[in-house]
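Colleague: Just a sequence and a predicted model for now, questions to come.
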Amino acid sequence: MSVQILTIESQPFAENSYIVWKDGNREAFALDPGFEPELILEALGERDLTLVAIVCTHGHCDHMAGNATLKAAYPDIPIIIGAGDSAMLTDPMRNIGALFGFDVTSPPADKVVTEGETLRVADIAMDVFEVPGHSPGHVVYILRDTKPVMVLGGDVLFRGSVGRTDFPGGSMEQLKANIRRVLWPLPPDTVVYPGHGPVTTIGHEKRTNPYVAD
């Protein structure tokens, strides 16, 4: 299966929003729409893609600030998020927007996912894994039918770093343990699409990441 992933960097947090679609399919989903959802709408229009879902890795404000705008443009699409972070969508204190002076909310989740599920969106199958530590209900989505395997990773593993754990509900020990449990068994050439910064691979981070390298 060939999957296209377009990165849209959203300010003011340099957050990676993604548009994901399968080759030959005009349906796409938005992953973690940030503070500049108009860039997502423009990109969809330029590529003649139709948005069919909003998928979130976690509930922090910079990863869901665009949900309301996209939902207004496509009222029938579901908002999907891990069960443990779903309450953050509608609460600026929980989604840490209030900590940065942003009164950010999203429409509530239409569907929540938990570890062990396979989520199929836009004809793309993704295995759901819970990787708490950056946020209590953070999930990652693993696309195993692609070559190489792809991880839509949110704020778990970055090139040379890991997600912050100093927000409410964070835990560095938990984050490290879950990175090793969920991500390290994947093939070395697995490509990780993170919530901030450049893409990386599992092999590169296992060798060189100062926080979690073997």
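Modeller: Received the coordinates, thanks.

Colleague: Show the average pLDDT along stretch 201-214.
Modeller: Stretch 201-214 shows a mean pLDDT of 95.

Colleague: From the chain's centroid, how far away is that stretch?
Modeller: With CA atoms, centre = their mean, to the nearest Å as the basis, stretch 201-214 stands 20 Å off its chain's centre.

Colleague: and if you look at stretch 158-173?
Modeller: Here stretch 158-173 is found 15 Å from its chain centre; the criterion is CA atoms, centre = their mean.

Colleague: Need the distance between the two termini of that stretch.
Modeller: Counting by CA to CA, to the nearest Å, you get 16 Å between the two ends of stretch 158-173.

Colleague: Could you list the buried residues of it?
Modeller: By 16 or more other CB atoms under 10 Å, the buried positions in stretch 158-173 come out as 158-159, 161-163, 165, 169-170. In this view, the C-beta of every residue, glycine as well, is placed from N, C-alpha and C.

Colleague: Taking those together, which two end up most distant?
Modeller: The most widely separated members of those, counting by CB to CB, are Arg159 and Gly169 (24.4 Å).

Colleague: about what we covered before: from the buried residues of stretch 158-173, which single one is nearest Ser106?
Modeller: Checking the buried residues of stretch 158-173 against Ser106 with CB to CB, the nearest one is Gly169 at 17.9 Å.

Colleague: my read: that closest one touches Ser135, true?
Modeller: Yes: contact criterion CB atoms under 8 Å: Gly169 and Ser135 qualify, at 6.0 Å.

Colleague: just checking, Arg207 is part of a helix?
Modeller: Yes: under DSSP: H, G, I helix; E, B strand; the rest coil, Arg207 sits within a helix.

Colleague: number of nearby residues for it?
Modeller: 11 (other CB atoms under 10 Å).

Colleague: List the contacts of the closest residue to it other than its chain neighbours.
Modeller: Of all residues not flanking Arg207 in the chain, Ala213 sits nearest, at 6.1 Å (CB to CB, 6 or more residues apart in numbering). Shown in contact with Ala213 (CB atoms under 8 Å, 6 or more residues apart in numbering): 205-207.

Colleague: Lovely, talk soon.
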